[in-house]
Each structure stands twice: as structure tokens, then as C-alpha cells.
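[1] return a 3D structure for these sequence lines:
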Amino acid sequence: MPVARVNDIELNYKLEGDGEDTIVLINGLADDLETWVLQMDDFLAAGYRVLRFDNRGIGASSKPAGPYTSRMLADDAKALADSLGITGFHLLGVSMGGMIAQEYALAYPGDLRSVAFACTYAAPGPFCSRMFAMWGDMAPVLGVPFVMRDVTLWAFTVPFFEQRESELGEFETAMRYMDQPVHAYLAQLAVIKGHDTVSRLGGITTPALVLAGEEDILIPVSLSRRIHEGIPGSEWATTKGGHGSVWEYPAEFNQTYLDFVGRHRKG
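    Residues are numbered from 1 along each chain as shown. Here you go, the predicted structure:
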């Protein structure tokens, strides 16, 4: 896969499709660009060009010492888009990626035709902050794969565990063998612990969608709803599933997003 050298690091990326409109995808904590494998067919079939990449700290991208911030990773995304000559695009971020997308929309609105924030928040609050503090304590002792196996319990709904055991096993295996170093995990964890755009959401002027999995218990739906309430004119939608709705119910997630982004295509 190609690599771009930006901001003194290397970012691993994939740019696929030949549509006139480009969707840029930003992954969540400890997720590489393969996060989006269940979105790609639908997005490409809808006629979009799609850019996805490994954030700093994951996959084949550089893993410098942290901590990182959501603005830092937004600046990485900006530098990558600039290096590829991509502008006037649609930005979609999920979980931590949604936090990065908020900072991007605030800092670089001229780049965007639309922006979508999925399964995310403007600030973690007391509930999520306690959860993330526990992950930070566990990772150096038990390892990142152990923490990510715990995350699986928060990401999917009860019917997924009851009825889709083979798919669950695939996710659990992927978590068990992931190779993100502890220092890089903690550097990314700092992003979601420190992110706070609550007082700045009103400055987002790009057409925006806030999207939540209706049963999300990792980032409660009420926290996502506050983003919608803070951005004048933003749209609100929910889809089946929980925090991992991009994987558990990809068809519905994809269609909900494509319905939105389709209203903001060029021409």
C-alpha cells in the first residue's frame, strides 16, 4: 500500500474508486484502515472515490511517542488530503474518528462538502472517562489485545452474541492477535480522554450528520445527541446496533450515510 510522508511521520493509506466525489474515512481507537471493509463495496458502488488510512499509532503508519490529540490527528488527515490533492470532499469519522472529524471541520471547513460524526461525542464526561481510565490501567499490565477483547463486549448487541457466533469469533480472533504497541495505544487513548469541542460545536458550518447506533452503550446515544444539539442545522439519525454498528449492521449504516452524503454531492 502507498505511504505518504507528512508532519514528520508516514501515513499508510488506500485510495480507491474513480468517482468525482471523494469520501475520506477516519478510524476509531486502535482500528486500522480495514475498519471500513464492510463499507467499501457500497461506497464504491455508489460512485464515490474513497480514501482511508491508518491514523498515527496504528497499522502500517508511524507510531511516535504520545500523547496524541484529536487536533493533531486532524492535522495529519489534512496533510494527507493536501498531499494527494484532495479537496471538496465528504468526511466521515467513527468513534475516535468522529472526534478527529470535529476538529477537522472546525479547522478546515473550506475542504469539506459534508461531514458526519458516527458513534462519538464532543467530550467524554464522567462515565466514559472512568471506562477509559480503566483501559489505560489495564493495557500496560494485560496488553492491548486483552483490552480490545473487553471492548468487543461493549461494541456489539446481545443478539450479535447470541445469533452470530462465527462473526463474533472472527472479531475476537482479530483482537487477540492485534499488534499495536502499548505506547501507541496509550498515545491514541489520550485522544479520546482529552477531546473536548463542547464550547466550539456552534462553529461547525459544514453540512453535518450525527449518526449513532441506537443501542450504543460504549458511547451512550445521549452523548452523540449533544453534538447534534450543538451544531445548528445538523441532521440526526440512528441505525440498528450499538457502537460497532458499522460491522454489525453495515447495510443500514451505509445506506443511512449514503442518503445523507448523496444530498451534498457535486452538481
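
[2] contacts, neighbours, all on C-alpha from now
    OK.

[3] any stretches of the stretch 151-267 of the chain with poor pLDDT?
    267 (pLDDT under 70).

[4] which residues in it form strands?
    208-213, 235-239 (DSSP state E, counting those that start in this stretch).

[5] can you give me the strands in the stretch 1-150 of the chain?
    3-6, 9-16, 22-26, 49-53, 89-94, 112-118.

[6] CSV for the strands of the stretch 151-267 of the chain, including distance to residue 45 and mean neighbour count?
    Below are the strands of the stretch 151-267 of the chain laid out as CSV (distance: least, Cα to Cα, whole Å; neighbours: other Cα atoms under 10 Å):
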stretch, distance to residue 45, mean neighbour count
strand 208-213, 21, 27
strand 235-239, 21, 18
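
[7] output the contacting helices and strands for the helix ranked longest in the chain.
    Using DSSP state H to define each element, the chain has its longest helix at helix 125-142. Under the contact definition 3 or more Cα pairs under 8 Å, 6 or more residues apart in numbering; DSSP states H and E, helix 125-142 sits against helix 144-155, helix 182-194.

[8] got the angle for that helix vs helix 144-155?
    150 degrees (axes from the mean of the first three to the mean of the last three Cα atoms, to 10 degrees).

[9] can you point out the buried residues in helix 125-142?
    For helix 125-142, the neighbour count (16 or more other Cα atoms under 10 Å) marks 128, 132, 135, 136, 139 as buried.

[10] tell me which of these is nearest to residue 59?
    Residue 59 lies nearest to residue 139 out of those, by Cα to Cα, at 17.6 Å.

[11] so who does that closest one touch?
    Residues in contact with residue 139, defined by Cα atoms under 8 Å, 6 or more residues apart in numbering, are 146, 147, 182, 186.

[12] so how many other residues sit close to residue 91?
    Neighbour count of residue 91, defined by other Cα atoms under 10 Å: 26.

[13] wait, residue 7
    Residue 7: 12 neighbours (other Cα under 10 Å).

[14] residue 79 is in contact with that one, correct?
    Yes: the pair residue 7 and residue 79 qualifies as a contact (Cα atoms under 8 Å) at a distance of 7.2 Å.

[15] what's the local residue count around the residue nearest to residue 168 when sequence neighbours are not counted?
    Closest residue in space to residue 168, ignoring its immediate chain neighbours: residue 161 at 6.7 Å, by Cα to Cα, 6 or more residues apart in numbering. For residue 161, the tally of surrounding residues (other Cα under 10 Å) stands at 14.
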